[in-house]
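A.B. asks: this is a predicted model, with the sequence first.
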Amino acid sequence: MPHDHDPDDNFARSFGDAADIDEDAAIEALAWQLLLLVNPGDEAAAQAQFEACRDALDEGADPVATLRDAIDWQAGFHVDADDAAAAIDAIGQLAARFDVRIDWGVDDPSDEDFVADIDVPGVIGIAFDRLREHHYTLWTWDAGHDHHAGWITRQDDDEAVQLVAAALGFHVRPGSG
């Protein structure tokens, strides 16, 4: 045993070069956990999305792109950076899964004037605030400068979302920021 071994550090060598970790199984486990988080209370939807992306993950596909495609318009959104109408529609549909109707502050959020006066970050900010009133969090993740993407989870799962998403390569932040 090396001299620098700390007997109280039970995990010191667990993730070193000599660790025997099945990375594919770890990615699958993380993907499954994320799908459960973005489909709160709907394990059947999480299972269907997991099945849709399992083969690609097994083949070493990028987890971020694979999961984005599996959840798009079901448990997540991915819209063009300049398409506020699509963001309103997508986030509204996702919120409806939780029986939450987002109050956009106008009678008709599809009104041309409202859509012309708001950008996607503005849509995300309003939705974040309204969802927090119902104990949900709207998350966004780095989808490049041409797109905005995210999902909705239970507020109680905020810490888990950050940990699991980061382990998969998602750079997430609450929709408020």
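C.D. replies: Nice, I can see it.

A.B. asks: and stretch 53-73, how far apart are its ends?
C.D. replies: 15 Å (CA to CA, to the nearest Å).

A.B. asks: name the helices or strands packed onto the top strand by length along the chain?
C.D. replies: Secondary structure of the chain per DSSP state E: the longest strand is strand 147-154. Contacts defined by 3 or more CB pairs under 8 Å, 6 or more residues apart in numbering; DSSP states H and E place strand 147-154 against helix 23-38, strand 76-80, helix 84-96, helix 120-132, strand 136-141. All C-beta atoms are positioned from the backbone trio N, CA, C, and that covers glycine.

A.B. asks: got the angle between the fourth one and strand 147-154?
C.D. replies: Our comparison of helix 120-132 with strand 147-154, counting by axes from the mean of the first three to the mean of the last three CA atoms, to 10 degrees, yields an angle of 0 degrees.

A.B. asks: which positions within helix 120-132 qualify as buried?
C.D. replies: For helix 120-132, a neighbour-count test (16 or more other CB atoms under 10 Å) marks 120, 123-128, 130-131 as buried.

A.B. asks: possible to save the residues you listed as a markdown table with distance to Trp104 and pLDDT?
C.D. replies: Shown next, in a markdown table, are those (distance: CB to CB, whole Å; pLDDT from 0 to 100):
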| residue | distance to Trp104 | pLDDT |
| --- | --- | --- |
| Val120 | 13 | 96 |
| Val123 | 8 | 97 |
| Ile124 | 12 | 97 |
| Gly125 | 11 | 97 |
| Ile126 | 6 | 97 |
| Ala127 | 8 | 97 |
| Phe128 | 12 | 98 |
| Arg130 | 8 | 97 |
| Leu131 | 12 | 98 |
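
A.B. asks: still on that earlier bit, closest one to Ser176 among the helices and strands packed on strand 147-154?
C.D. replies: Comparison of the helices and strands packed on strand 147-154 against Ser176 by CB to CB identifies helix 120-132 as nearest, at 4.8 Å.
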